[in-house]
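1. Got a sequence here, can you model it:
(one chain, ligands or ions: 2)
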Amino acid sequence: MTKRALITGITGQDGSHLAELLLENGYKVYGLVRRTSTVNFGRIAHIQDQVELVPGDMTDQTSLQEALQVAQPDEVYNLAAQSFVGTSWTQPTLTGNVTALGVTRLLDAVRHVKPDARFYQAGSSEMFGKVREVPQCETTPFYPRSPYGVAKVYGHWITVNYRESYGLFACNGILFNHEGPRRGIEFVTRKITHTAARIKLGLADKLYLGNPDSKRDWGYAGDYVRAMWLMLQQDHPDDYVICTGSTHSVREFVEITFELAGLDIGQHVVFNDPRYTRPAEVDLLVGDYSKAARVLGWHPVVDFRGLVGLMMEEELRALQDNRRDW
Ligand code: NAP
Ligand code: GDD
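-> Ligands and ions are numbered 1, 2, ... in the order given. This is a model prediction of the structure:
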(Lines give C-alpha, C1' and ligand atoms only; values in the text may rest on other atoms or scores of the structure.)
(Ligands and ions follow the chains in the order given, each with its own letter.)
Protein backbone atom coordinates (compact mmCIF):
# COMPACT_ATOMS: atom_id res chain seq x y z
CA MET A 1 0.00 0.00 0.00
CA THR A 2 1.29 3.48 -0.87
CA LYS A 3 2.52 5.32 2.24
CA ARG A 4 1.45 8.92 2.75
CA ALA A 5 3.58 11.65 4.31
CA LEU A 6 2.93 15.25 5.32
CA ILE A 7 5.95 17.58 5.42
CA THR A 8 5.73 20.98 7.08
CA GLY A 9 8.47 23.29 5.77
CA ILE A 10 8.51 21.57 2.37
CA THR A 11 9.66 24.81 0.69
CA GLY A 12 12.79 24.92 2.89
CA GLN A 13 16.19 23.30 2.39
CA ASP A 14 15.46 20.05 4.23
CA GLY A 15 11.83 19.85 3.10
CA SER A 16 12.88 19.76 -0.55
CA HIS A 17 15.50 17.03 0.03
CA LEU A 18 13.10 14.98 2.15
CA ALA A 19 10.31 15.26 -0.42
CA GLU A 20 12.70 13.91 -3.09
CA LEU A 21 13.70 10.99 -0.87
CA LEU A 22 10.09 10.07 -0.04
CA LEU A 23 9.03 10.29 -3.70
CA GLU A 24 11.92 7.98 -4.64
CA ASN A 25 10.59 5.56 -2.02
CA GLY A 26 7.11 5.56 -3.56
CA TYR A 27 5.34 7.81 -1.03
CA LYS A 28 2.41 10.09 -1.74
CA VAL A 29 3.82 13.39 -0.46
CA TYR A 30 1.83 16.31 0.93
CA GLY A 31 3.51 19.60 1.82
CA LEU A 32 2.18 22.36 4.07
CA VAL A 33 2.75 25.79 2.52
CA ARG A 34 1.99 29.15 4.05
CA ARG A 35 0.55 32.13 2.20
CA THR A 36 3.20 34.52 0.88
CA SER A 37 2.75 37.54 -1.42
CA THR A 38 5.07 36.00 -4.00
CA VAL A 39 5.43 32.30 -4.74
CA ASN A 40 8.60 30.82 -3.15
CA PHE A 41 8.59 27.28 -4.53
CA GLY A 42 12.12 27.57 -6.00
CA ARG A 43 13.49 24.56 -4.09
CA ILE A 44 10.59 22.27 -5.06
CA ALA A 45 9.92 23.54 -8.61
CA HIS A 46 11.46 20.36 -10.09
CA ILE A 47 9.04 18.08 -8.14
CA GLN A 48 6.04 20.36 -7.82
CA ASP A 49 3.90 18.24 -10.15
CA GLN A 50 4.58 15.17 -7.97
CA VAL A 51 3.59 16.62 -4.56
CA GLU A 52 0.28 17.90 -3.18
CA LEU A 53 0.59 21.31 -1.54
CA VAL A 54 -1.89 22.12 1.21
CA PRO A 55 -2.31 25.60 2.68
CA GLY A 56 -1.54 26.15 6.37
CA ASP A 57 0.57 27.95 8.92
CA MET A 58 2.25 26.75 12.11
CA THR A 59 0.55 29.61 13.98
CA ASP A 60 -2.94 28.54 12.90
CA GLN A 61 -4.44 25.46 14.59
CA THR A 62 -7.41 25.03 12.25
CA SER A 63 -5.25 24.95 9.14
CA LEU A 64 -3.01 22.26 10.65
CA GLN A 65 -6.01 20.08 11.49
CA GLU A 66 -7.37 20.60 7.99
CA ALA A 67 -4.00 19.65 6.44
CA LEU A 68 -4.01 16.41 8.42
CA GLN A 69 -7.61 15.68 7.37
CA VAL A 70 -6.65 16.13 3.72
CA ALA A 71 -3.35 14.23 3.81
CA GLN A 72 -4.34 11.38 6.19
CA PRO A 73 -0.60 10.78 6.60
CA ASP A 74 1.18 7.69 7.88
CA GLU A 75 4.17 9.93 8.67
CA VAL A 76 4.37 13.61 9.62
CA TYR A 77 7.70 15.45 9.37
CA ASN A 78 7.66 18.77 11.24
CA LEU A 79 10.41 20.80 9.57
CA ALA A 80 8.68 24.21 9.59
CA ALA A 81 10.34 26.81 11.81
CA GLN A 82 11.71 30.31 12.04
CA SER A 83 15.10 28.66 11.63
CA PHE A 84 17.61 31.52 11.52
CA VAL A 85 19.30 32.00 14.91
CA GLY A 86 20.17 35.66 14.22
CA THR A 87 16.53 36.59 13.58
CA SER A 88 15.47 34.92 16.82
CA TRP A 89 16.91 37.88 18.78
CA THR A 90 15.07 40.48 16.72
CA GLN A 91 11.82 38.43 16.54
CA PRO A 92 11.86 36.38 19.76
CA THR A 93 8.12 36.01 20.27
CA LEU A 94 7.47 35.10 16.62
CA THR A 95 10.23 32.50 16.93
CA GLY A 96 8.59 31.13 20.07
CA ASN A 97 5.18 31.07 18.42
CA VAL A 98 6.29 29.21 15.27
CA THR A 99 9.28 27.14 16.42
CA ALA A 100 8.04 26.21 19.91
CA LEU A 101 4.23 26.47 20.15
CA GLY A 102 3.87 25.40 16.50
CA VAL A 103 5.09 21.96 17.57
CA THR A 104 2.33 21.66 20.17
CA ARG A 105 -0.29 22.77 17.65
CA LEU A 106 0.83 20.13 15.18
CA LEU A 107 1.15 17.37 17.79
CA ASP A 108 -2.32 18.18 19.06
CA ALA A 109 -3.71 18.09 15.53
CA VAL A 110 -2.06 14.68 15.03
CA ARG A 111 -3.50 13.45 18.34
CA HIS A 112 -7.04 14.40 17.32
CA VAL A 113 -7.04 13.70 13.58
CA LYS A 114 -4.51 10.90 12.92
CA PRO A 115 -3.15 9.52 16.23
CA ASP A 116 -1.54 6.50 14.55
CA ALA A 117 0.65 8.75 12.35
CA ARG A 118 4.38 8.66 13.09
CA PHE A 119 5.82 12.07 13.95
CA TYR A 120 9.28 13.55 13.39
CA GLN A 121 10.35 16.75 15.18
CA ALA A 122 13.27 18.73 13.73
CA GLY A 123 15.38 19.32 16.83
CA SER A 124 18.72 21.10 16.78
CA SER A 125 22.25 21.04 18.18
CA GLU A 126 21.54 24.69 19.12
CA MET A 127 19.79 23.14 22.14
CA PHE A 128 23.26 22.21 23.50
CA GLY A 129 24.39 25.85 23.18
CA LYS A 130 26.94 26.47 25.92
CA VAL A 131 28.01 22.87 25.76
CA ARG A 132 28.12 20.82 28.95
CA GLU A 133 30.30 18.10 27.41
CA VAL A 134 32.26 17.37 24.23
CA PRO A 135 31.15 15.65 22.05
CA GLN A 136 27.39 16.07 22.50
CA CYS A 137 25.10 13.03 22.49
CA GLU A 138 21.45 12.20 23.35
CA THR A 139 22.09 12.43 27.12
CA THR A 140 24.01 15.73 27.08
CA PRO A 141 22.06 18.40 29.05
CA PHE A 142 20.66 21.33 27.08
CA TYR A 143 21.86 24.93 27.61
CA PRO A 144 20.43 26.98 24.73
CA ARG A 145 22.05 30.34 23.95
CA SER A 146 19.43 32.02 21.71
CA PRO A 147 15.64 32.45 21.61
CA TYR A 148 15.75 29.95 18.73
CA GLY A 149 17.62 27.40 20.87
CA VAL A 150 15.17 27.92 23.73
CA ALA A 151 12.22 27.39 21.35
CA LYS A 152 13.77 24.16 20.07
CA VAL A 153 14.21 22.87 23.63
CA TYR A 154 10.48 23.41 24.15
CA GLY A 155 9.77 21.58 20.85
CA HIS A 156 11.94 18.68 21.99
CA TRP A 157 10.29 18.23 25.38
CA ILE A 158 6.71 18.67 24.14
CA THR A 159 7.42 15.91 21.61
CA VAL A 160 8.71 13.65 24.42
CA ASN A 161 5.68 14.64 26.47
CA TYR A 162 3.13 13.73 23.77
CA ARG A 163 4.93 10.42 23.25
CA GLU A 164 4.70 9.64 26.97
CA SER A 165 1.26 11.16 27.64
CA TYR A 166 -0.66 9.92 24.60
CA GLY A 167 1.48 7.09 23.24
CA LEU A 168 2.20 8.87 19.96
CA PHE A 169 5.01 7.43 17.82
CA ALA A 170 6.99 10.69 18.08
CA CYS A 171 10.74 11.06 17.52
CA ASN A 172 13.19 13.93 17.99
CA GLY A 173 16.10 14.26 15.60
CA ILE A 174 18.83 16.36 17.22
CA LEU A 175 20.49 17.49 14.03
CA PHE A 176 23.75 19.38 13.84
CA ASN A 177 24.29 21.98 11.09
CA HIS A 178 23.67 20.62 7.63
CA GLU A 179 24.15 22.54 4.46
CA GLY A 180 24.17 22.32 0.70
CA PRO A 181 23.45 24.38 -2.40
CA ARG A 182 19.82 24.88 -1.30
CA ARG A 183 20.81 26.48 2.03
CA GLY A 184 19.27 29.92 2.74
CA ILE A 185 21.61 32.74 1.77
CA GLU A 186 21.77 34.19 5.31
CA PHE A 187 23.45 31.10 6.84
CA VAL A 188 27.23 31.40 7.04
CA THR A 189 28.22 28.52 4.71
CA ARG A 190 25.99 29.64 1.85
CA LYS A 191 26.91 33.27 2.42
CA ILE A 192 30.58 32.33 2.06
CA THR A 193 30.23 30.17 -1.07
CA HIS A 194 27.76 32.53 -2.75
CA THR A 195 29.89 35.62 -2.14
CA ALA A 196 33.11 33.83 -3.11
CA ALA A 197 31.53 32.77 -6.40
CA ARG A 198 30.38 36.35 -7.03
CA ILE A 199 33.89 37.65 -6.27
CA LYS A 200 35.35 35.05 -8.62
CA LEU A 201 33.05 36.20 -11.42
CA GLY A 202 33.79 39.89 -10.75
CA LEU A 203 30.28 40.58 -9.35
CA ALA A 204 31.42 41.45 -5.79
CA ASP A 205 34.60 42.46 -4.02
CA LYS A 206 34.22 41.88 -0.27
CA LEU A 207 32.82 39.23 2.07
CA TYR A 208 31.82 40.64 5.47
CA LEU A 209 31.54 38.08 8.29
CA GLY A 210 31.04 37.99 12.06
CA ASN A 211 32.87 35.62 14.43
CA PRO A 212 35.40 33.48 12.49
CA ASP A 213 36.29 31.29 15.48
CA SER A 214 33.01 29.55 16.21
CA LYS A 215 33.14 25.87 15.38
CA ARG A 216 30.42 23.75 13.87
CA ASP A 217 29.91 20.09 12.99
CA TRP A 218 28.80 20.64 9.39
CA GLY A 219 27.23 17.87 7.27
CA TYR A 220 25.31 17.59 4.01
CA ALA A 221 21.51 18.04 4.07
CA GLY A 222 20.95 15.19 1.58
CA ASP A 223 22.54 12.76 4.08
CA TYR A 224 20.58 14.09 7.06
CA VAL A 225 17.05 13.71 5.64
CA ARG A 226 17.78 9.99 5.26
CA ALA A 227 18.22 9.84 9.05
CA MET A 228 14.82 11.52 9.60
CA TRP A 229 13.13 8.87 7.49
CA LEU A 230 15.02 6.00 9.19
CA MET A 231 13.84 7.19 12.64
CA LEU A 232 10.21 6.69 11.59
CA GLN A 233 10.87 3.17 10.22
CA GLN A 234 11.92 1.68 13.59
CA ASP A 235 9.82 -0.50 15.90
CA HIS A 236 9.92 2.09 18.72
CA PRO A 237 10.02 5.90 18.78
CA ASP A 238 13.22 7.44 20.14
CA ASP A 239 15.52 10.47 19.92
CA TYR A 240 18.77 10.55 17.92
CA VAL A 241 21.76 12.85 17.43
CA ILE A 242 22.71 13.25 13.76
CA CYS A 243 26.10 14.77 12.90
CA THR A 244 29.48 13.96 11.30
CA GLY A 245 31.58 13.84 14.49
CA SER A 246 34.13 16.40 13.28
CA THR A 247 34.19 20.13 13.81
CA HIS A 248 35.60 23.08 11.85
CA SER A 249 35.73 26.83 12.36
CA VAL A 250 34.06 29.44 10.19
CA ARG A 251 37.61 30.54 9.26
CA GLU A 252 38.43 27.04 7.98
CA PHE A 253 35.27 27.07 5.84
CA VAL A 254 36.42 30.37 4.33
CA GLU A 255 39.95 29.01 3.76
CA ILE A 256 38.81 25.96 1.80
CA THR A 257 36.27 27.96 -0.21
CA PHE A 258 38.84 30.59 -1.18
CA GLU A 259 41.44 27.94 -1.94
CA LEU A 260 38.98 26.17 -4.29
CA ALA A 261 38.07 29.48 -5.93
CA GLY A 262 41.72 30.57 -6.22
CA LEU A 263 41.00 33.78 -4.28
CA ASP A 264 43.06 35.71 -1.68
CA ILE A 265 41.36 35.94 1.75
CA GLY A 266 43.40 39.00 2.81
CA GLN A 267 42.17 40.94 -0.19
CA HIS A 268 38.48 40.07 0.04
CA VAL A 269 37.37 39.00 3.57
CA VAL A 270 36.52 41.21 6.56
CA PHE A 271 36.02 39.28 9.84
CA ASN A 272 34.37 40.41 13.10
CA ASP A 273 31.95 42.77 11.39
CA PRO A 274 29.66 43.88 14.27
CA ARG A 275 26.59 43.59 11.98
CA TYR A 276 27.05 39.81 12.00
CA THR A 277 28.16 39.11 15.58
CA ARG A 278 25.58 37.75 18.04
CA PRO A 279 24.53 38.79 21.56
CA ALA A 280 25.44 35.29 22.77
CA GLU A 281 27.44 32.73 20.84
CA VAL A 282 27.60 28.96 20.62
CA ASP A 283 31.36 28.47 20.43
CA LEU A 284 31.80 24.78 19.75
CA LEU A 285 29.50 22.09 18.44
CA VAL A 286 30.63 18.55 17.73
CA GLY A 287 28.37 15.55 17.99
CA ASP A 288 28.53 11.81 18.62
CA TYR A 289 26.22 9.86 16.28
CA SER A 290 27.08 6.37 17.57
CA LYS A 291 23.45 5.66 18.62
CA ALA A 292 22.17 6.51 15.11
CA ALA A 293 24.92 4.34 13.60
CA ARG A 294 24.09 1.42 15.89
CA VAL A 295 20.28 1.53 15.76
CA LEU A 296 19.51 3.14 12.41
CA GLY A 297 22.60 2.03 10.50
CA TRP A 298 23.06 5.69 9.52
CA HIS A 299 26.39 7.26 8.55
CA PRO A 300 27.14 10.55 6.79
CA VAL A 301 28.51 10.22 3.26
CA VAL A 302 29.72 13.72 2.36
CA ASP A 303 32.69 15.05 4.39
CA PHE A 304 33.62 18.67 5.15
CA ARG A 305 35.81 19.29 2.10
CA GLY A 306 33.33 17.46 -0.14
CA LEU A 307 30.54 19.68 1.20
CA VAL A 308 32.42 22.92 0.48
CA GLY A 309 33.29 21.59 -2.98
CA LEU A 310 29.76 20.66 -3.94
CA MET A 311 28.37 23.99 -2.69
CA MET A 312 31.01 25.97 -4.57
CA GLU A 313 30.51 23.99 -7.79
CA GLU A 314 26.74 24.54 -7.76
CA GLU A 315 27.19 28.22 -6.83
CA LEU A 316 29.37 28.90 -9.87
CA ARG A 317 27.06 26.91 -12.15
CA ALA A 318 23.98 28.80 -10.94
CA LEU A 319 25.62 32.21 -11.37
CA GLN A 320 26.94 31.33 -14.82
CA ASP A 321 23.47 30.07 -15.87
CA ASN A 322 22.02 33.28 -14.43
CA ARG A 323 19.86 31.28 -12.00
CA ARG A 324 18.86 33.33 -8.97
CA ASP A 325 18.45 30.48 -6.49
CA TRP A 326 17.14 26.98 -6.13
P1 NAP B 1 14.56 26.52 6.26
O2 NAP B 1 15.25 26.32 4.94
O3 NAP B 1 14.63 27.84 6.92
O4 NAP B 1 13.01 26.13 6.05
C5 NAP B 1 12.05 26.45 7.02
C6 NAP B 1 10.69 26.07 6.49
O7 NAP B 1 9.70 26.43 7.46
C8 NAP B 1 10.29 26.82 5.18
O9 NAP B 1 9.59 25.94 4.34
C10 NAP B 1 9.35 27.90 5.70
O11 NAP B 1 8.42 28.36 4.76
C12 NAP B 1 8.64 27.13 6.81
N13 NAP B 1 7.96 28.00 7.76
C14 NAP B 1 8.47 29.03 8.48
N15 NAP B 1 7.51 29.62 9.23
C16 NAP B 1 6.36 28.95 8.97
C17 NAP B 1 5.02 29.08 9.42
N18 NAP B 1 4.67 30.03 10.31
N19 NAP B 1 4.11 28.21 8.97
C20 NAP B 1 4.43 27.26 8.06
N21 NAP B 1 5.67 27.09 7.57
C22 NAP B 1 6.64 27.93 8.03
O23 NAP B 1 15.09 25.44 7.32
P24 NAP B 1 15.87 24.06 7.07
O25 NAP B 1 17.34 24.32 7.09
O26 NAP B 1 15.25 23.32 5.96
O27 NAP B 1 15.57 23.31 8.46
C28 NAP B 1 14.41 22.49 8.60
C29 NAP B 1 14.12 22.31 10.08
O30 NAP B 1 15.23 21.72 10.73
C31 NAP B 1 13.85 23.61 10.83
O32 NAP B 1 12.91 23.33 11.84
C33 NAP B 1 15.20 23.94 11.47
O34 NAP B 1 15.01 24.74 12.61
C35 NAP B 1 15.68 22.55 11.80
N36 NAP B 1 17.13 22.37 11.84
C37 NAP B 1 17.89 22.74 10.78
C38 NAP B 1 19.26 22.52 10.81
C39 NAP B 1 20.13 22.90 9.66
O40 NAP B 1 21.37 22.94 9.86
N41 NAP B 1 19.60 23.12 8.48
C42 NAP B 1 19.84 21.89 11.94
C43 NAP B 1 19.01 21.52 12.99
C44 NAP B 1 17.65 21.75 12.93
P45 NAP B 1 8.78 29.57 3.73
O46 NAP B 1 9.54 28.92 2.60
O47 NAP B 1 7.44 30.08 3.35
O48 NAP B 1 9.63 30.56 4.49
N1 GDD C 1 24.83 33.63 9.58
C2 GDD C 1 26.06 34.08 9.81
N3 GDD C 1 26.52 35.15 9.10
N4 GDD C 1 26.82 33.47 10.74
C5 GDD C 1 28.08 33.91 10.94
C6 GDD C 1 28.61 34.99 10.22
C7 GDD C 1 27.80 35.66 9.26
O8 GDD C 1 28.20 36.61 8.61
N9 GDD C 1 29.90 35.17 10.63
C10 GDD C 1 30.15 34.25 11.56
N11 GDD C 1 29.06 33.48 11.76
C12 GDD C 1 28.95 32.40 12.73
C13 GDD C 1 27.73 32.50 13.66
O14 GDD C 1 27.99 33.45 14.69
C15 GDD C 1 27.63 31.06 14.14
O16 GDD C 1 28.53 30.87 15.22
C17 GDD C 1 28.13 30.24 12.95
O18 GDD C 1 28.75 31.18 12.05
C19 GDD C 1 27.02 29.50 12.19
O20 GDD C 1 25.97 30.41 11.93
P21 GDD C 1 24.74 30.01 10.96
O22 GDD C 1 25.24 29.51 9.67
O23 GDD C 1 23.80 31.17 10.94
O24 GDD C 1 24.09 28.75 11.68
P25 GDD C 1 23.75 28.43 13.21
O26 GDD C 1 24.77 27.43 13.70
O27 GDD C 1 23.56 29.64 14.01
O28 GDD C 1 22.32 27.73 13.08
C29 GDD C 1 22.08 26.71 12.10
O30 GDD C 1 22.37 25.45 12.65
C31 GDD C 1 21.52 25.05 13.73
C32 GDD C 1 22.00 23.69 14.18
O33 GDD C 1 23.05 23.84 15.10
C34 GDD C 1 20.61 26.82 11.66
O35 GDD C 1 20.40 25.97 10.55
C36 GDD C 1 19.67 26.40 12.76
O37 GDD C 1 18.33 26.36 12.24
C38 GDD C 1 20.08 25.01 13.23
O39 GDD C 1 19.24 24.56 14.24
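
2. Please make it C-alpha for all contacts and neighbour counts, starting now.
-> Fine.

3. Contact distance from ligand 2 - what residues of this structure qualify?
-> Listed as neighbours of ligand 2 in the chain under the rule CA under 6 Å from any ligand atom: 83-85, 124-126, 176-177, 186-189, 209-212, 214, 250, 276-278, 282.

4. are any of the residues you listed buried, and which?
-> 83, 85, 124-126, 176-177, 188-189, 209-212, 214, 250, 282 (16 or more other CA atoms under 10 Å).

5. Next, count neighbours for the closest residue to Leu18 other than its chain neighbours.
-> Excluding the flanking residues, the one nearest Leu18 by CA to CA, 6 or more residues apart in numbering is Val225, at 5.4 Å. Using other CA atoms under 10 Å, Val225 has 22 other residues around it.

6. quick one: what helix or strand has Val225 in it?
-> Here Val225 sits within helix 221-231, counting by DSSP states H and E.

7. Please see if the next helix-or-strand element following that helix touches ligand 1.
-> Per DSSP H and E, the first helix or strand lying C-terminal to helix 221-231 is strand 239-242. No - applying CA under 6 Å from any ligand atom, one finds strand 239-242 separated from ligand 1 by no less than 9.1 Å.

8. Just name whatever secondary elements strand 239-242 is in contact with.
-> Helices and strands touching strand 239-242, by 3 or more CA pairs under 8 Å, 6 or more residues apart in numbering; DSSP states H and E, are strand 169-175, helix 221-231.

9. what inclination does the shortest one have with respect to helix 221-231?
-> Interaxial angle of strand 169-175 relative to helix 221-231 (axes from the mean of the first three to the mean of the last three CA atoms, to 10 degrees): 150 degrees.

10. Tell me the helices and strands packed up against the next helix or strand after strand 169-175.
-> The helix or strand immediately downstream of strand 169-175 is strand 178-179, counting by DSSP H and E. Applying 3+ CA pairs under 8 Å, 6+ apart, one finds that strand 178-179 contacts strand 219-220, helix 221-231.

11. which of these is buried the deepest?
-> Across the helices and strands packed on strand 178-179, averaging neighbours per residue (mean count of other CA atoms under 10 Å) puts strand 219-220 on top, at a mean of 26.

12. At which residues are the helices of the stretch 151-300 of the chain located?
-> Assigned by DSSP state H, counting those that start in this stretch, the stretch 151-300 of the chain shows helices spanning 188-200, 221-231, 250-261, 265-268, 290-291.

13. I'd like the average pLDDT over the shortest one.
-> On average, the pLDDT along helix 290-291 is 98.

14. what does the longest one give?
-> Within the predicted structure, the mean pLDDT of helix 188-200 is 98.

15. For it, give me every contacting residue.
-> With CA atoms under 8 Å, 6 or more residues apart in numbering as the test, helix 188-200 has contacts from 179-181, 183-185, 204-207, 250, 253-254, 257-258, 261, 263, 308, 311-312, 315-316, 319.

16. Fine by me, we can end here.
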